[in-house]
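*Asks:* Only the shape, not the letters, is given here:
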């Protein structure tokens, strides 16, 4: 899965990924967050998009977490733009 993301959308990954789990899951979370890491404060302020590629396992985890959070009504409005992009790529 390839996503074009703004700096703000990259920050929102922290709200949809699990903060605890088994080692395999946490390694996937670490991999995803490393890819979308903000390196400069100007990245946050810019609406310019950058492309990021996620492998199948990372993509599965991202989609699974959106489904779980949706079923629990725990999705956040601030993440709506990111969630729509992710769903569009399925």
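*Replies:* On my side now, so go ahead. The shown structure was predicted, so the numbers you read here are calculated from the model rather than taken from an experiment.
*Asks:* For the nearest residue to residue 2 once chain neighbours are set aside, give me phi and psi.
*Replies:* If the residues on either side of it in the chain are set aside, residue 2 comes closest to residue 53, at 5.0 Å by CB to CB, 6 or more residues apart in numbering. C-beta coordinates here come from the backbone N, C-alpha and C atoms, glycine included. Geometry field for residue 53 lists phi and psi as phi -110, psi 130, criterion degrees, to the nearest 10.
*Asks:* Can you tell me how far residue 53 is from residue 76?
*Replies:* For residue 53, the distance to residue 76 (CB to CB, to the nearest Å) stands at 25 Å.
*Asks:* Return the set of buried residues in the helix or strand bottoming out on mean pLDDT in the chain.
*Replies:* Among the helices and strands of the chain, helix 41-45 carries the lowest confidence by mean pLDDT, DSSP states H and E, at a mean of 74. By neighbour count, with 16 or more other CB atoms under 10 Å as the criterion, the buried positions of helix 41-45 are residue 43.
*Asks:* From the contact counts, what lies against that helix?
*Replies:* helix 7-16 (3 or more CB pairs under 8 Å, 6 or more residues apart in numbering; DSSP states H and E).
*Asks:* which parts of the next helix or strand after the helix it packs on are buried?
*Replies:* Following the chain from helix 7-16 toward its C-terminal end, the next helix or strand by DSSP states H and E is helix 23-35. Residues of helix 23-35 classed as buried: 25, 28-29, 32, 35 (neighbour count, 16+ other CB under 10 Å).
*Asks:* just stretch 60-79 next, same as before
*Replies:* Buried residues in stretch 60-79, defined by neighbour count with 16+ other CB under 10 Å: 61-63, 65-66, 69, 75, 79.
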